[in-house]
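**Q** any chance you can model this:
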Amino acid sequence: MMHRQPAVSRPVWLAAAMLLIVVALPVPSEAASTLEFTAATVQPEAGGQPCGRVYAGNEPVMTLGGHGWRCVTDAVEVARRLNALAEEGLQPSEITVGRDGRNALIVGRGRGIVTIDESVASLHDSSPEELARAWARNLRAQFQRPYLSLPPLLVPVGESRRAPIKGVIVGQLTVRSDSPGVTATYEADSGNVRVVGLQVGRTELVISDQRNTLRVPVRVAKYAGRLAGEAAAAVTGNPAPAHVISEAVKAALRATLLLEPGAWASLRPSVGEAAPLAPGRTAAVPVRVSAAGEDYLSYHARPTVPVRNEQVPRGPADLLMVSNSPERLRSHGLWFEGRLGDSQSARLLYHHVNAAGIDSELVVELWNIGLSRSRVQVIAGTGGPTRDESWAGHRAASNFLGNRAGNVGWIVELPPRTAMPLLAHPISPGATSSGLLELRALGAANLSVRLYLAPRRSERMAYPITEYIESPLLGQWHYPEARREVNASYVVGRDWAFVTIGNQATPGMVEGDLLAGNYGLIYDISLDLSNPTAEEASVVVLLEPAGGPARATLLVDGQQVDTALLRSDSQAEVARYRLAPGERRRVRIETMPEGGSNYPVRLVARAI
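**A** Reported below is the predicted structural model:
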């Protein structure tokens with residue numbers, strides 16, 4: 001580093017003897033030492049260029065000049081480097097002089113302290129090498145004097161830290177703490193001070209020998225979070241894809257990461273070769289875990305989480321829950337609550353617009369309000385955020401029906417009296433987010449399903465439930481019919497067959513509540529096709545809107561079909577079949593009304 005050097009030894013002061021101004025400058029250093037270096041600006045009375053002077057205590061050790069105001073910033077840097085070396089307990093023998101081309105160097109413990117060129121040396125009527133030797137003598141003299149050095153200490157609550165006391169110690173050394181939040185002892189054999197953090201706070205250690213007393217700042221703080229045990233994750237599906245494995249790992253870690261109030265965390269699984277994961281197989285997923293927060297110590301861990309693909313039987317949902325009233329959410333808060341009991345299953349459809357005017361999150365949480373641990377299978381599909389509300393609902397239904405068909409999900413374990421986030425959508429003002437979750441309690445359960453509009457968070461963690469108050473929303477928009485069977489048939493040469501989806505509103509559990517459009521209700525359709533003629537016939541199955549623009553997702557004999565947005569004068573082909581003379585065929589179709597679309601819609605089967 002060119003020109004960042006000190007100056008002073010013999011009448012080195014002659015070039016700056018008549019001073020008009022001497023201004024002390026702050027030195028950016030965390031050093032805690034009784035040997036302290038500072039920098040000052042000196043301005044010659046005759047109006048020449050300013051110099052930067054470096055002091056050890058009150059004694060000048062070098063003056064940098066010849067480069068205008070740059071010398072002042074150089075002096076600050078030199079003082080910073082010397083303070084850092086004093087903190088490390090630099091010995092006089094470790095201060096040496098070397099060369100860098102035509103310049104001279106002063107080096108401490110192998111690190112450059114200052115470089116002296118002709119411009120600096122000429123200010124003192126000297127050569128670079130001669131001036132470097134003089135300043136090195138000044139520095140050795142300072143580092144030979146008795147001094148104590150110990151860096152500021154940062155200690156976690158309940159833990160201890162050791163640090164060596166460095167410098168030139170004279171006589172017996174004592175260490176004490178004036179705070180009950182810290183205990184400190186001096187270990188003479190190793191030369192270390194051992195500090196134990198007992199409670200959060202800031203204090204000082206007082207370290208003394210026969211010549212010096214050093215006051216060392218000590219801060220005791222909590223970690224922002226910590227893993228309280230080993231996590232294990234579980235998934236379902238044949239096979240389980242990467243995004244589901246990632247959700248399972250994060251769910252397992254959320255249950256074991258204890259986060260301090262106001263802190264935030266990040267979970268970054270590296271799924272890699274663990275996906276896809278077949279049933280009965282196990283994989284190990286490394287995760288980067290970090291937690292931070294104001295006035296907390298940062299926490300970092302890299303656990304490896306085992307993930308097993310469990311075989312959970314598929315089954316119909318016992319209950320349909322719909323969160324869409326109001327559709328536009330104008331403030332943060334709780335907007336839906338449902339319940340899940342022992343071995344019960346429920347499907348939740350939500351579809352909302354952020355009308356709060358600020359960036360927010362749509363959050364679905366599962367609260368274990370019981371006294372025993374619960375396990376829940378989660379199958380999900382999400383869409384948005386987007387300003388195209390029909391697209392948000394379509395993506396959610398498309399993802400959900402595909403995952404549900406393959407039983408693709410993850411398993412959440414909830415300790416008693418714990419709230420667990422399941423999904424969190426960032427959602428900007430005016431945007432729509434939509435989602436579908438099928439929740440299946442695998443045994444005992446006393447659970448609350450809750451949906452909030454909330455401020456954004458980097459990552460949501462599980463947290464203890466200190467109080468549960470039943471929401472007045474509980475029981476609203478709950479429908480005991482979550483699945484509807486429909487049978488239809490088409491015979492070649494006869495009238496077309498029609499199946500209407502989204503009509504005949506299903507009644508809710510609250511008297512008078514009818515789910516217009518039947519959004520979230522799964523239609524399980526059996527369509528029988530027959531060709532009684534003596535010739536081969538082609539039959540097409542079409543979808544057409546019956547209540548306004550709409551999209552649809554259908555599973556036709558297990559194959560997923562997604563339509564474009566259909567308007568009143570359009571239709572989409574869903575499937576086509578060639579029937580031999582006398583052939584009969586049963587077609588299985590599964591679909592559901594999607595959020596953001598206008599239902600009902602119609603399936604039409606006819607010959608072409």
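
**Q** show me the domain layout of this protein.
**A** The chain breaks down into these domains under automatic domain parsing: 12-145, 148-221, 225-309, 319-479, 483-607.

**Q** okay if I get those as TSV plus mean pLDDT and mean neighbour count?
**A** (Glycine included, C-beta is placed from N, CA and C.) Formatted as TSV, the domains of the chain follow (pLDDT from 0 to 100; neighbours: other Cβ atoms under 10 Å):
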stretch	mean pLDDT	mean neighbour count
domain 12-145	86	19
domain 148-221	95	17
domain 225-309	96	19
domain 319-479	97	20
domain 483-607	97	17
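
**Q** closest to the centroid, which residue in the protein?
**A** residue 266 (2.7 Å; Cα atoms, centre = their mean).

**Q** alpha carbons of the helix or strand containing it, as PDB, please.
**A** Secondary structure assignment for residue 266, by DSSP states H and E: strand 264-269. Only the C-alpha atoms of strand 264-269 are listed here, as PDB (Å, rounded to 0.1, in the frame of the first residue of the first chain):
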ATOM      1  CA  TRP A 264     -35.900 -14.300  11.700                       C
ATOM      2  CA  ALA A 265     -34.500 -17.400  10.100                       C
ATOM      3  CA  SER A 266     -33.600 -19.000   6.700                       C
ATOM      4  CA  LEU A 267     -33.900 -22.700   5.800                       C
ATOM      5  CA  ARG A 268     -32.100 -23.700   2.600                       C
ATOM      6  CA  PRO A 269     -32.400 -27.500   1.800                       C
END
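
**Q** contact partners for the residue nearest to the centre of the chain?
**A** 288-291, 458-459 (Cβ atoms under 8 Å, 6 or more residues apart in numbering).

**Q** all helices for the protein, in order.
**A** 70-87, 118-123, 128-144, 242-254, 389-405 (DSSP state H).

**Q** output the ones you listed in a markdown table; the columns should cover distance to residue 517.
**A** Shown next, in a markdown table, are the helices of the chain (distance: least, Cβ to Cβ, whole Å):
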| stretch | distance to residue 517 |
| --- | --- |
| helix 70-87 | 70 |
| helix 118-123 | 83 |
| helix 128-144 | 83 |
| helix 242-254 | 29 |
| helix 389-405 | 11 |
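
**Q** right, and the ones you listed - which one's nearest residue 270?
**A** Nearest of the helices of the chain to residue 270, taken as Cβ to Cβ: helix 242-254 at 9.2 Å.

**Q** what about the strands in the stretch 101-250 of the chain?
**A** 103-108, 111-116, 147-149, 153-156, 160-164, 166-168, 174-177, 182-187, 192-197, 201-208, 213-221, 225-227, 233-236 (DSSP state E, counting those that start in this stretch).

**Q** in JSON lines, list those along with distance to residue 68.
**A** Output for those, formatted as JSON lines (distance: least, Cβ to Cβ, whole Å):
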{"stretch": "strand 103-108", "distance to residue 68": "18"}
{"stretch": "strand 111-116", "distance to residue 68": "17"}
{"stretch": "strand 147-149", "distance to residue 68": "33"}
{"stretch": "strand 153-156", "distance to residue 68": "39"}
{"stretch": "strand 160-164", "distance to residue 68": "41"}
{"stretch": "strand 166-168", "distance to residue 68": "36"}
{"stretch": "strand 174-177", "distance to residue 68": "46"}
{"stretch": "strand 182-187", "distance to residue 68": "47"}
{"stretch": "strand 192-197", "distance to residue 68": "44"}
{"stretch": "strand 201-208", "distance to residue 68": "40"}
{"stretch": "strand 213-221", "distance to residue 68": "36"}
{"stretch": "strand 225-227", "distance to residue 68": "50"}
{"stretch": "strand 233-236", "distance to residue 68": "63"}
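
**Q** what about those, which gets the closest to residue 324?
**A** Short answer: strand 233-236, nearest of these by Cβ to Cβ, at 27.7 Å.

**Q** give me the contacts around the closest one.
**A** 244-245, 248-249, 251-252, 277, 279, 285, 305-312, 377, 379, 407-411.

**Q** convert the C-alpha atoms of it to PDB, please.
**A** The C-alpha trace of strand 233-236 is given here as PDB (Å, rounded to 0.1, in the frame of the first residue of the first chain):
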ATOM      1  CA  ALA A 233     -38.900 -35.600   7.600                       C
ATOM      2  CA  ALA A 234     -41.500 -37.700   5.800                       C
ATOM      3  CA  VAL A 235     -43.100 -37.400   2.300                       C
ATOM      4  CA  THR A 236     -45.700 -39.300   0.300                       C
END
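
**Q** what strands line up against that strand, and which way round?
**A** The partner list of strand 233-236 in its sheet, established with DSSP bridges, is strand 304-309 (parallel), strand 409-414 (antiparallel).

**Q** got TSV for these, with distance to residue 575 too?
**A** Output for the strands paired with strand 233-236, formatted as TSV (distance: least, Cβ to Cβ, whole Å):
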stretch	distance to residue 575
strand 304-309	32
strand 409-414	27
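
**Q** start and end of stretch 173-187, how far apart?
**A** Stretch 173-187 has its terminal residues 10 Å apart, counting by Cα to Cα, to the nearest Å.

**Q** check the offset of it from the chain's centre.
**A** Between the centre of stretch 173-187 and the centre of its chain there are 38 Å (Cα atoms, centre = their mean, to the nearest Å).

**Q** repeat that for stretch 183-192.
**A** With Cα atoms, centre = their mean, you get 40 Å for stretch 183-192.

**Q** that stretch: end-to-end distance?
**A** 14 Å.

**Q** I figured residue 348 hits residue 317, correct?
**A** No. Using Cβ atoms under 8 Å, residue 348 makes no contact with residue 317, being 9.5 Å away.

**Q** overlap in contacts, those two.
**A** residue 438.

**Q** can you tell me how far the residue nearest to residue 269 when sequence neighbours are not counted is from residue 469?
**A** Leaving aside its sequence neighbours, residue 269 sits nearest to residue 249 (Cβ to Cβ, 6 or more residues apart in numbering; 4.4 Å). Remark: distance between residue 249 and residue 469 (Cβ to Cβ, to the nearest Å) = 32 Å.

**Q** list the contacts of residue 441.
**A** Contacts of residue 441 (Cβ under 8 Å, 6+ apart): 340-345, 374-376, 447.

**Q** and for residue 323?
**A** 335-336, 348-352, 451, 477.

**Q** what of residue 348?
**A** By Cβ under 8 Å, 6+ apart, the neighbours of residue 348 are 321-323, 338, 364, 435-439, 449, 451, 520.

**Q** let's see it at 6 Å
**A** By Cβ atoms under 6 Å, 6 or more residues apart in numbering, residue 348 lies in contact with 321, 437.

**Q** and the gap between it and residue 152?
**A** 51 Å.

**Q** go on, residue 572?
**A** Taking Cβ to Cβ as the measure, residue 572 falls 69 Å from residue 152.

**Q** ranges for the strands of the stretch 301-450 of the chain?
**A** Using DSSP E, counting those that start in this stretch, strands in the stretch 301-450 of the chain cover 304-309, 319-323, 328-329, 333-340, 345-354, 360-368, 374-386, 409-414, 418-427, 432-441, 447-454.

**Q** distance to residue 99 for those - can I get that in CSV?
**A** Shown next, in CSV, are the strands of the stretch 301-450 of the chain (distance: least, Cβ to Cβ, whole Å):
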stretch, distance to residue 99
strand 304-309, 52
strand 319-323, 76
strand 328-329, 71
strand 333-340, 71
strand 345-354, 67
strand 360-368, 61
strand 374-386, 64
strand 409-414, 65
strand 418-427, 59
strand 432-441, 67
strand 447-454, 64
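
**Q** mind checking which of those is nearest residue 199?
**A** strand 418-427 (27.0 Å).
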